[in-house]
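S.K.: starting from these lines, generate the structure:
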Amino acid sequence: MNHTLVAKKQSVSILLAALLAVPAVGLLVPAAFADPITPEVHAKVDKYKKTIVTWAADPTIVQAVKEANAKGPIAGMNNAKWDELDEKDPVVQAMLNSPAGKLGRKWEEDKNINKVTVWDEKGNVIAGSVKTLIYNAGSRPAFTGAMKGQAWSAPEAKPDPATQKKSVNISAPVLDGGKTIGVINAAVNAD
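M.R.: The predicted structure is shown next:
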């Protein structure tokens with residue numbers, strides 16, 4: 001009986017070690033699909049970094065961010081709960097069909113853009129052309145880079161998590177009176 005208990009504990013320990021290793025391996029997989037940015041794509045990214053700065057200054061975007069910052073995050077929302085929401089959920093539809101979301105879809109009509117997202121000052125998604133995979137991007141480089149007050153772009157091209165299209169993420173700060181109050185993000189097609 002004692003040997004059986006020891007064997008069960010060893011099996012559980014091995015299983016636990018394997019499960020803990022899976023997320024670490026999963027973090028390495030996306031990097032394997034990242035590609036360096038070609039000179040042609042780099043030129044396109046530079047062009048759209050200038051474009052996204054003008055989008056960030058659009059009064060509809062600035063107003064949406066100001067209102068979201070004043071209102072605060074969706075009560076009880078986090079990345080796990082957001083992930084469970086269907087695209088038809090009223091919360092997601094409100095984000096997609098807001099004036100800023102509609103504007104993002106209009107900008108996405110440009111075939112070089114495959115996603116537009118707007119985040120509040122904490123990195124919570126407030127508008128977008130598609131349902132993002134996460135609600136809060138506050139620790140992501142696309143958010144933190146632009147919150148420093150200037151346009152940002154990823155150093156590589158890889159499949160966008162929301163659209164699965166090979167892209168380079170770009171972001172720009174949304175400014176109000178010269179102060180960064182949020183971020184607008186887009187994915188530039190890299191094909």
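
S.K.: what is the burial count for Val41?
M.R.: When neighbours are counted by other C-beta atoms under 10 Å, Val41 registers 19. All C-beta spots, glycine's among them, are computed from the backbone N, C-alpha and C.

S.K.: residues in contact with it?
M.R.: Going by C-beta atoms under 8 Å, 6 or more residues apart in numbering, Val41 touches 157, 168, 188, 190.

S.K.: turn those into JSON lines, columns for pLDDT.
M.R.: Written out in JSON lines, the entries for the contacts of Val41 read as follows (pLDDT from 0 to 100):
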{"residue": "Ala157", "pLDDT": "92"}
{"residue": "Val168", "pLDDT": "95"}
{"residue": "Val188", "pLDDT": "96"}
{"residue": "Ala190", "pLDDT": "92"}
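
S.K.: now secondary structure too, for those, in CSV please.
M.R.: Formatted as CSV, the entries for the contacts of Val41 read as follows, by DSSP: H, G, I helix; E, B strand; the rest coil:
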residue, secondary structure
Ala157, strand
Val168, strand
Val188, strand
Ala190, coil
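
S.K.: gap between the helix or strand encompassing Ile170 and the chain center?
M.R.: Element membership for Ile170, per DSSP states H and E: strand 166-176. What separates the centre of strand 166-176 from the centre of its chain is 10 Å, taken as C-alpha atoms, centre = their mean, to the nearest Å.

S.K.: please apply the same query to stretch 126-136.
M.R.: Shown here is stretch 126-136, whose average C-alpha point lies 7 Å from the average C-alpha point of the whole chain (C-alpha atoms, centre = their mean).

S.K.: looking at it now, give me its mean pLDDT.
M.R.: For stretch 126-136, mean pLDDT is 96.

S.K.: just stretch 84-96 next, same as before
M.R.: For stretch 84-96, the per-residue pLDDT values average out at 96.

S.K.: equivalent analysis for stretch 106-122, please.
M.R.: 96.

S.K.: and it, how far out from the chain's middle?
M.R.: The chain centre lies 10 Å from the centre of stretch 106-122; the measure is C-alpha atoms, centre = their mean.
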